[in-house]
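**Student:** 3D, please:
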Amino acid sequence: MLPRLEELSKEYKNSKFFPIDIKKNPEVAGEFLVFITPVLIIYYDGIEILKRARFFSISEIKNELEKFLEKIL
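**Tutor:** Numbers count the residues shown, from 1 in each chain. Now for the predicted structure:
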């Protein structure tokens, strides 16, 4: 899943992608309320706009992002 998410992030020029291993950084899991992996959390201007855990598809994420971007642009 990680390589596909990295590819997706490249499609959005102004995005930043930060993969985090919560086993190595358990404080991050607590801060972001991550109880199961994988988790994808997307922020826009410091506000969480999308959070998906465990089972999600790249196409689902892309569709959600496109809907969001249509609303704000």
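**Student:** what does the longest helix along the chain contact?
**Tutor:** Longest helix in the chain, counting residues (DSSP state H): helix 58-72. If you take Cβ atoms under 8 Å, 6 or more residues apart in numbering as the criterion, helix 58-72 is touched by 4-5, 8, 11-12, 40, 42, 44, 49-50, 52. Any C-beta I mention is one placed from the backbone N, CA and C, and that applies to glycine too.
**Student:** type out the ChimeraX command that picks the buried ones from these.
**Tutor:** The buried residues among the contacts of helix 58-72 can be selected in ChimeraX (16 or more other Cβ atoms under 10 Å) with this line:
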select :8,42,50
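**Student:** can I get the contacts of helix 58-72 in TSV including pLDDT?
**Tutor:** Output for the contacts of helix 58-72, formatted as TSV (pLDDT from 0 to 100):
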residue	pLDDT
4	93
5	93
8	93
11	93
12	91
40	95
42	96
44	94
49	95
50	96
52	95
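**Student:** of all the contacts of helix 58-72, which two lie farthest apart?
**Tutor:** 4 and 44 (20.9 Å; Cβ to Cβ).
**Student:** how far does the longest helix of the chain sit from its chain's centre?
**Tutor:** Distance, stretch centre to chain centre, for helix 58-72: 12 Å (Cα atoms, centre = their mean, to the nearest Å).
**Student:** what is the rounded mean pLDDT of it?
**Tutor:** Averaging pLDDT along helix 58-72 gives 95.
**Student:** and it, what's buried?
**Tutor:** Applying 16+ other Cβ under 10 Å to helix 58-72 flags 61, 65 as buried.
**Student:** try stretch 22-31
**Tutor:** For stretch 22-31, by 16+ other Cβ under 10 Å, it's 22, 29.
**Student:** report the distance from that stretch to the chain centre.
**Tutor:** Worked out by Cα atoms, centre = their mean, stretch 22-31 lies 16 Å from the chain centre.
**Student:** thanks again, I'm all set now.
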